[in-house]
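>>> Okay, sequence plus prediction incoming.
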Amino acid sequence: MFIIGGLISAILSYFLNKLGVDMYGDKAVIYGVPLIEESSKTVMGYIFGSVIGAHFVFGVVEAFKDFVASPKEINFKASVLSIVTHIAFGVVAFYVLRHVNIYAAIFMTAVIHGCWNWIMLR
């Protein structure tokens with residue numbers, strides 16, 4: 001079932017991210033996109049039974065997008081990084097969710113994700 005959650009999260013995030021980036025540009029990539037993605041992945045994972053699984057599925061969807069959209073020289077690397085980082089975000093979300101609560105899990109992963117995006121945009 002987490003596959004459905006990951007796919008719902010990817011579709012929802014795609015449209016909300018597009019809206020945010022169209023309105024706020026790169027600032028949305030650092031501040032808004034991580035909050036949108038981590039909220040949707042963590043909530044969908046929670047609902048569908050696997051927070052890490054939903055993050056993984058989301059990462060695979062993003063990897064496919066990155067492979068198609070990125071220049072040939074970096075498309076494989078970008079794809080692998082998408083999967084690895086989203087799994088890492090999922091592990092953090094799972095751990096924080098188990099030991100604190102879902103709100104802390106979303107906040108913590110959104111902050112880490114935002115820092116990652118900031119590094120990637122530099």
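On my side now, so go ahead.
>>> Just want the most central residue of the chain.
Among the residues of the chain, the one closest to the centroid is Glu37, at 4.5 Å (C-alpha atoms, centre = their mean).
>>> Go through the chain and flag its longest helix.
helix 75-99 (DSSP state H).
>>> Relative to the whole chain's centre, how far out is the next helix or strand after that one?
If you walk from helix 75-99 toward the C-terminus, the next helix or strand you reach (DSSP states H and E) is helix 102-121. Mean-position distance between helix 102-121 and its chain equals 9 Å (C-alpha atoms, centre = their mean, to the nearest Å).
>>> same question, stretch 49-61
Per C-alpha atoms, centre = their mean, the displacement of stretch 49-61 from the mean C-alpha position of its chain is 9 Å.
>>> try stretch 59-76
Here stretch 59-76 is found 14 Å from its chain centre; the criterion is C-alpha atoms, centre = their mean.
>>> Glu38 touches Asn117, doesn't it?
No: under the criterion of C-beta atoms under 8 Å, Glu38 makes no contact with Asn117, lying 11.4 Å away. The C-beta positions use only the backbone N, C-alpha and C, and glycine is treated the same way.
>>> And these two? Which one has more around it.
When Glu38 and Asn117 are compared for neighbours, Glu38 comes out ahead with 29 against 19, by other C-beta atoms under 10 Å.
>>> pLDDT at that one, what is it?
According to the model's per-residue confidence, Glu38 sits at a pLDDT of 98.
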